[in-house]
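> Sharing a sequence plus its predicted fold:
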Amino acid sequence: MRRLRKNEKIRDMVKETRIAPSNLIYPIFIKEDLKMGSKEPIDTMPGQYRYSKEAAVDELKKLEERGLNAIILFGIPRTKDNIGSSAFDDKGIIQETIKLLKDETNLFIITDVCLCQYTSHGHCGIVQNQEILNDKTLEYLARIAVSHARAGADMIAPSDMMDGRIAAIRKNLDENGFQDIPIMSYAVKYASSFYAPFREAVSSTPSFGDRKTYQMDPANAKEAIIEAKLDLEEGADILMVKPALPYLDIIKSLSEKFNTPIAAYNVSGEYSMLMAAIKKGYLTEDSIYESILSIKRAGADLIISHFTPKLLNGGL
């Protein structure tokens, strides 16, 4: 076996798994009440920032020059209410950012569709008497998706985990003339502790309870197949597993079971954990590439990662 490991050239020739810029999607946070052209650091995610829409465009243009192809946008609105009305406002922060990016870049724009960072209670659905109303939520998710498509989004990515939301979104997109907009479903989203830095970044921690009634139990693997199958039947074009590193077995299962593209979200906690270890000197930056490679090797075609800038051409 060592004959095929003799030097870097032959190792590269026989490499089984490769990461290309086209495999990577960069998540970026847009905050509505930031001063034009400014950004603020996210304390729990070293090296990551909340951007004004103008600052985000400037940063993304630089990354596009280095090979960035695709992004996923997350909004932090100025005001919140119990139905997350700023999420489907045609002049909302994400809608305005999409328009600006379309004017200034050639990036493929994916948008997160959810209510958590737009609602006063921090849950992903409409709440009544501290109960999340699944079917009522679908109406609002569909409105958000159409507003994003109307602004120019290239793909919709619902992350709420309400039952039936893919069908509701697909129906509303089609009825409004957006038949060609694909849906990347957070099909298998676990109720994970690895989301904590993200919730601080977008101020979306629930004001009561938790999300365990609609996100998946980390103990369950067979359930992932059911969730993915249901979303495909409802019209999903891409299936996502979130988080990635603690659920490589799930990524593998979906990639073997379904012929549709598989995405994986290398989430905030995974990012912050590695960055902390690197800062302490426990690990080197090579661990970033190795961890992302493991997600690709497990079967992910697309990887959403805060490490994307480090992995682009000229990075690690």
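The structure has been received and is ready for your questions.

> Let's verify Thr79: helix, strand, or coil?
Recorded secondary structure, Thr79: coil (DSSP: H, G, I helix; E, B strand; the rest coil).

> Tell me if I'm right that it and Ala87 touch.
No: using CB atoms under 8 Å, Thr79 is not in contact with Ala87, being 11.2 Å away. In short, each C-beta sits where N, CA and C put it, glycine included.

> who has more neighbours, those two?
Using other CB atoms under 10 Å, the more surrounded residue of Thr79 and Ala87 is Ala87, with 28 against 11.

> Need the pLDDT of the more buried one.
Residue-level confidence at Ala87 comes out at 93, pLDDT.

> How about it, nearest residue that isn't a chain neighbour?
Among residues not flanking Ala87 along the chain, Tyr118 sits closest, at 4.0 Å (CB to CB, 6 or more residues apart in numbering).

> just checking, the one you found touches Lys80?
Yes: judged on CB under 8 Å, Tyr118 makes contact with Lys80 at a distance of 5.9 Å.

> which residues do those two both contact?
Residues touching both Tyr118 and Lys80 by CB atoms under 8 Å, 6 or more residues apart in numbering: Ser86.

> Settle it for me: which of these two has more neighbours?
The residue with more neighbours, out of Tyr118 and Lys80, is Tyr118; 28 against 20, by other CB under 10 Å.

> From Asp43, how far off is the more buried one?
22 Å (CB to CB, to the nearest Å).

> Same check on Leu141?
To Asp43, Leu141 is 30 Å away according to CB to CB.

> So these two - more neighbours on which side?
The neighbour comparison of Leu141 against Asp43 (other CB under 10 Å) goes to Leu141, with 29 against 11.

> Buried residues, the helix or strand hosting that one. List them.
Using DSSP states H and E, the element containing Leu141 is helix 134-151. Using 16 or more other CB atoms under 10 Å as the test for burial, helix 134-151 gives 134, 137-138, 140-149, 151.

> What of stretch 115-134?
For stretch 115-134, by 16+ other CB under 10 Å, it's 115-119, 121-127, 132, 134.

> same deal with stretch 168-177?
Neighbour-count burial for stretch 168-177 [16+ other CB under 10 Å]: 168-170, 172-173.

> likewise stretch 54-68?
Neighbour-count burial for stretch 54-68 [16+ other CB under 10 Å]: 54-57, 59-60, 63-64, 67-68.

> what about the stretch 151-300 of the chain, any weak spots by pLDDT?
By pLDDT under 70, the weakly predicted segments of the stretch 151-300 of the chain are 203-205, 207, 209.

> can you give me the strands in it?
Assigned by DSSP state E, counting those that start in this stretch, the stretch 151-300 of the chain shows strands spanning 155-158, 184-189, 238-242, 262-266.

> what lines up beside the second one in the sheet?
Going back to what we said before, that points to strand 184-189. strand 238-242 (parallel) (DSSP bridges).
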